[in-house]
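>>> okay, sequence plus prediction incoming.
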Amino acid sequence: DAGVIQSPRHEVTEMGQEVTLRCKPISGHNSLFWYRQTMMRGLELLIYFNNNVPIDDSGMPEDRFSAKMPNASFSTLKIQPSEPRDSAVYFCASSLETGGSAFFGQGTRLTVV
Amino acid sequence: GEDVEQSLFLSVREGDSSVINCTYTDSSSTYLYWYKQEPGAGLQLLTYIFSNMDMKQDQRLTVLLNKKDKHLSLRIADTQTGDSAIYFCAESTGGFKTIFGAGTRLFVKA
(Lines give C-alpha, C1' and ligand atoms only; values in the text may rest on other atoms or scores of the structure.)
Protein backbone atom coordinates (compact mmCIF):
# COMPACT_ATOMS: atom_id res chain seq x y z
CA ASP A 1 0.00 0.00 0.00
CA ALA A 2 1.26 3.49 -0.83
CA GLY A 3 0.21 4.87 2.53
CA VAL A 4 -2.06 7.82 3.14
CA ILE A 5 -2.07 10.03 0.06
CA GLN A 6 -2.81 13.73 0.25
CA SER A 7 -3.16 16.24 -2.54
CA PRO A 8 -2.03 18.77 -3.33
CA ARG A 9 1.29 18.86 -1.48
CA HIS A 10 1.39 22.63 -1.68
CA GLU A 11 -1.37 25.14 -2.25
CA VAL A 12 -1.09 28.89 -2.51
CA THR A 13 -4.32 30.79 -2.81
CA GLU A 14 -5.69 34.26 -2.39
CA MET A 15 -7.79 35.28 0.54
CA GLY A 16 -11.46 34.66 -0.10
CA GLN A 17 -10.93 31.72 -2.44
CA GLU A 18 -12.23 28.24 -1.83
CA VAL A 19 -9.64 25.60 -1.01
CA THR A 20 -10.20 21.84 -1.17
CA LEU A 21 -7.73 19.41 0.32
CA ARG A 22 -7.95 15.74 -0.55
CA CYS A 23 -7.05 12.54 1.22
CA LYS A 24 -6.98 8.87 0.32
CA PRO A 25 -6.61 6.72 3.44
CA ILE A 26 -4.88 3.38 3.59
CA SER A 27 -7.12 0.69 2.14
CA GLY A 28 -9.02 -1.14 4.86
CA HIS A 29 -8.57 1.56 7.50
CA ASN A 30 -11.88 2.59 8.98
CA SER A 31 -10.91 5.74 10.87
CA LEU A 32 -9.79 8.97 9.24
CA PHE A 33 -8.51 12.13 10.87
CA TRP A 34 -7.80 15.66 9.70
CA TYR A 35 -5.17 17.65 11.62
CA ARG A 36 -3.77 21.13 11.28
CA GLN A 37 -0.21 21.99 12.30
CA THR A 38 1.17 25.47 12.96
CA MET A 39 4.22 26.69 14.81
CA MET A 40 2.10 28.57 17.30
CA ARG A 41 -0.50 25.91 18.12
CA GLY A 42 1.23 22.66 17.27
CA LEU A 43 -0.89 19.76 16.02
CA GLU A 44 -4.65 20.20 16.30
CA LEU A 45 -7.30 17.60 15.57
CA LEU A 46 -9.97 19.15 13.37
CA ILE A 47 -12.36 16.27 12.72
CA TYR A 48 -12.39 12.51 12.56
CA PHE A 49 -14.54 9.92 10.83
CA ASN A 50 -15.26 6.33 11.65
CA ASN A 51 -16.71 4.15 8.89
CA ASN A 52 -17.23 7.32 6.82
CA VAL A 53 -19.35 8.97 9.52
CA PRO A 54 -18.15 12.18 11.21
CA ILE A 55 -17.76 11.40 14.90
CA ASP A 56 -16.39 14.62 16.34
CA ASP A 57 -15.95 17.90 14.53
CA SER A 58 -15.46 20.02 17.63
CA GLY A 59 -11.96 20.89 16.47
CA MET A 60 -13.15 22.56 13.28
CA PRO A 61 -12.32 26.21 13.88
CA GLU A 62 -15.21 27.88 12.09
CA ASP A 63 -18.13 27.32 9.78
CA ARG A 64 -15.80 28.15 6.94
CA PHE A 65 -14.33 24.67 7.41
CA SER A 66 -16.17 21.57 6.28
CA ALA A 67 -15.16 17.96 5.73
CA LYS A 68 -16.74 15.07 3.92
CA MET A 69 -16.06 11.41 3.49
CA PRO A 70 -18.32 10.14 0.69
CA ASN A 71 -16.75 6.68 0.72
CA ALA A 72 -14.12 4.63 2.50
CA SER A 73 -11.34 5.67 0.14
CA PHE A 74 -11.73 9.43 -0.09
CA SER A 75 -12.14 12.48 2.10
CA THR A 76 -12.04 16.22 1.53
CA LEU A 77 -11.45 19.21 3.76
CA LYS A 78 -12.82 22.44 2.36
CA ILE A 79 -12.22 26.00 3.46
CA GLN A 80 -14.57 28.61 2.05
CA PRO A 81 -13.71 31.45 2.11
CA SER A 82 -10.05 31.06 3.00
CA GLU A 83 -8.21 33.56 5.19
CA PRO A 84 -4.47 34.19 5.79
CA ARG A 85 -4.74 32.74 9.30
CA ASP A 86 -5.70 29.40 7.75
CA SER A 87 -2.13 29.06 6.48
CA ALA A 88 -0.77 25.84 7.97
CA VAL A 89 0.14 22.29 7.14
CA TYR A 90 -2.93 20.06 7.02
CA PHE A 91 -2.46 16.37 7.68
CA CYS A 92 -4.74 13.49 7.01
CA ALA A 93 -4.26 10.26 8.96
CA SER A 94 -5.97 6.90 9.01
CA SER A 95 -6.01 3.95 11.35
CA LEU A 96 -7.12 0.36 11.09
CA GLU A 97 -9.12 0.28 14.27
CA THR A 98 -10.39 2.91 16.57
CA GLY A 99 -7.64 3.88 18.94
CA GLY A 100 -4.92 2.07 16.98
CA SER A 101 -1.81 3.81 15.77
CA ALA A 102 -2.49 6.36 13.08
CA PHE A 103 -0.64 6.57 9.78
CA PHE A 104 -0.10 10.07 8.46
CA GLY A 105 0.03 11.48 4.97
CA GLN A 106 2.78 13.84 3.88
CA GLY A 107 0.56 16.85 4.48
CA THR A 108 -0.65 19.76 2.42
CA ARG A 109 1.10 23.06 3.03
CA LEU A 110 -1.51 25.77 2.56
CA THR A 111 -0.55 29.40 2.16
CA VAL A 112 -3.31 31.99 1.95
CA VAL A 113 -2.10 35.39 0.81
CA GLY B 1 -10.98 16.62 29.36
CA GLU B 2 -8.29 14.77 27.52
CA ASP B 3 -4.99 16.58 27.22
CA VAL B 4 -1.39 15.72 26.42
CA GLU B 5 1.37 18.15 27.34
CA GLN B 6 5.03 18.27 26.43
CA SER B 7 7.72 20.91 26.36
CA LEU B 8 8.23 22.60 23.01
CA PHE B 9 12.01 22.51 22.68
CA LEU B 10 15.00 20.42 23.71
CA SER B 11 18.63 20.94 22.75
CA VAL B 12 21.34 18.34 23.29
CA ARG B 13 24.90 17.70 22.14
CA GLU B 14 25.64 14.90 19.71
CA GLY B 15 26.46 11.73 21.61
CA ASP B 16 24.52 12.72 24.72
CA SER B 17 21.22 11.16 25.74
CA SER B 18 17.97 13.00 25.03
CA VAL B 19 14.97 12.68 27.31
CA ILE B 20 11.64 13.97 26.08
CA ASN B 21 8.87 14.11 28.64
CA CYS B 22 5.11 14.06 28.33
CA THR B 23 2.15 14.15 30.70
CA TYR B 24 -1.39 13.10 29.92
CA THR B 25 -4.65 13.41 31.76
CA ASP B 26 -6.78 10.44 30.74
CA SER B 27 -6.19 7.64 33.22
CA SER B 28 -8.04 5.18 30.97
CA SER B 29 -5.44 5.47 28.21
CA THR B 30 -4.75 2.11 26.63
CA TYR B 31 -1.95 2.95 24.25
CA LEU B 32 0.72 5.62 24.47
CA TYR B 33 2.73 6.52 21.42
CA TRP B 34 5.77 8.43 20.31
CA TYR B 35 5.73 9.80 16.79
CA LYS B 36 8.60 11.47 14.94
CA GLN B 37 8.22 14.19 12.34
CA GLU B 38 11.15 15.08 10.14
CA PRO B 39 11.22 18.39 8.24
CA GLY B 40 8.68 18.53 5.44
CA ALA B 41 7.23 15.13 6.26
CA GLY B 42 4.26 13.68 8.05
CA LEU B 43 4.33 12.04 11.45
CA GLN B 44 5.68 8.51 11.65
CA LEU B 45 5.10 6.11 14.49
CA LEU B 46 8.37 5.65 16.36
CA THR B 47 7.33 3.36 19.19
CA TYR B 48 4.43 2.66 21.49
CA ILE B 49 3.74 1.16 24.89
CA PHE B 50 0.68 -0.50 26.35
CA SER B 51 -0.63 1.05 29.54
CA ASN B 52 0.07 -2.15 31.49
CA MET B 53 3.80 -1.87 30.81
CA ASP B 54 6.39 0.22 32.67
CA MET B 55 9.17 0.20 30.15
CA LYS B 56 9.92 -0.68 26.58
CA GLN B 57 13.33 -0.70 24.95
CA ASP B 58 14.04 -0.72 21.25
CA GLN B 59 17.69 -0.24 20.29
CA ARG B 60 18.58 3.35 21.20
CA LEU B 61 15.04 4.15 22.34
CA THR B 62 13.71 3.60 25.85
CA VAL B 63 10.13 4.42 26.76
CA LEU B 64 9.23 4.78 30.43
CA LEU B 65 5.66 4.96 31.68
CA ASN B 66 4.64 6.08 35.15
CA LYS B 67 0.94 5.40 35.12
CA LYS B 68 0.40 6.73 38.63
CA ASP B 69 1.77 10.14 37.65
CA LYS B 70 0.49 9.87 34.05
CA HIS B 71 4.00 10.58 32.83
CA LEU B 72 5.61 9.18 29.70
CA SER B 73 9.19 9.71 28.59
CA LEU B 74 11.28 8.87 25.56
CA ARG B 75 15.01 8.47 25.99
CA ILE B 76 17.27 8.47 22.94
CA ALA B 77 20.73 7.15 23.71
CA ASP B 78 23.78 8.44 21.81
CA THR B 79 21.76 11.15 20.08
CA GLN B 80 22.79 11.82 16.50
CA THR B 81 22.20 14.82 14.26
CA GLY B 82 19.79 12.64 12.29
CA ASP B 83 17.59 12.47 15.37
CA SER B 84 16.79 16.18 15.01
CA ALA B 85 13.04 16.29 14.50
CA ILE B 86 9.77 17.01 16.27
CA TYR B 87 8.66 14.26 18.63
CA PHE B 88 4.98 13.88 19.47
CA CYS B 89 3.55 12.09 22.45
CA ALA B 90 0.06 10.67 21.94
CA GLU B 91 -2.49 8.63 23.81
CA SER B 92 -5.57 6.69 22.94
CA THR B 93 -8.17 5.01 25.07
CA GLY B 94 -9.33 2.51 22.51
CA GLY B 95 -12.01 4.98 21.56
CA PHE B 96 -12.27 6.74 18.26
CA LYS B 97 -9.39 9.10 18.47
CA THR B 98 -5.77 9.60 19.41
CA ILE B 99 -4.84 12.74 21.34
CA PHE B 100 -1.52 14.30 20.40
CA GLY B 101 0.70 16.68 22.31
CA ALA B 102 1.93 19.82 20.57
CA GLY B 103 5.33 18.22 19.85
CA THR B 104 8.86 18.68 21.21
CA ARG B 105 11.39 20.04 18.75
CA LEU B 106 14.73 18.30 19.35
CA PHE B 107 17.87 20.15 18.27
CA VAL B 108 21.10 18.15 18.17
CA LYS B 109 24.30 20.19 18.20
CA ALA B 110 27.34 18.70 16.54
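Perfect, I can see it now. Because the structure is a prediction, the values reported are computed rather than measured. Residues are numbered from 1 along each chain as shown, chains lettered A, B, ... in the order given.

>>> flag every buried residue along the strand or helix carrying B:Thr47.
If you go by DSSP states H and E, B:Thr47 is part of strand B:43-50. Buried residues in strand B:43-50, counted by 16 or more other C-beta atoms under 10 Å in any protein chain shown: B:43, B:46-49. The way it works is simple: take the backbone N, C-alpha and C, and place the C-beta from them, glycine included.

>>> same list (those residues) but as TSV, adding pLDDT.
As requested, these are arranged in TSV below (pLDDT from 0 to 100):
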residue	pLDDT
B:Leu43	92
B:Leu46	94
B:Thr47	93
B:Tyr48	91
B:Ile49	91
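
>>> ok, those vs A:Ala102, which is closest?
B:Leu43 (7.9 Å; C-beta to C-beta).

>>> so the closest one makes contact with B:Ala85?
No. Look at B:Leu43 against B:Ala85 with C-beta atoms under 8 Å: they stay out of range, at 9.8 Å.

>>> what touches both of the two?
Shared contacts of B:Leu43 and B:Ala85, defined by C-beta atoms under 8 Å, 6 or more residues apart in numbering or on different chains, are found at B:36-37.

>>> quick one: list the elements packing against the helix or strand bottoming out on mean pLDDT in chain B.
Least confident helix or strand of chain B, by mean pLDDT, DSSP states H and E, is strand B:98-100 with a mean of 83. Contact analysis of strand B:98-100 by 3 or more C-beta pairs under 8 Å, 6 or more residues apart in numbering or on different chains; DSSP states H and E lists strand A:42-50, strand B:85-92 as its packing neighbours.

>>> the chain: strands as residue ranges?
No chain specified, so I'll use chain A. Applying DSSP state E to chain A gives strands spanning A:5-7, A:10-13, A:19-24, A:31-38, A:42-50, A:53-56, A:65-71, A:74-79, A:88-95, A:103-104, A:108-112.

>>> um, chain B though
Taking DSSP E as the test, the strands found in chain B are B:4-6, B:9-13, B:18-24, B:31-37, B:43-50, B:55-58, B:61-66, B:71-76, B:85-92, B:98-100, B:104-109.
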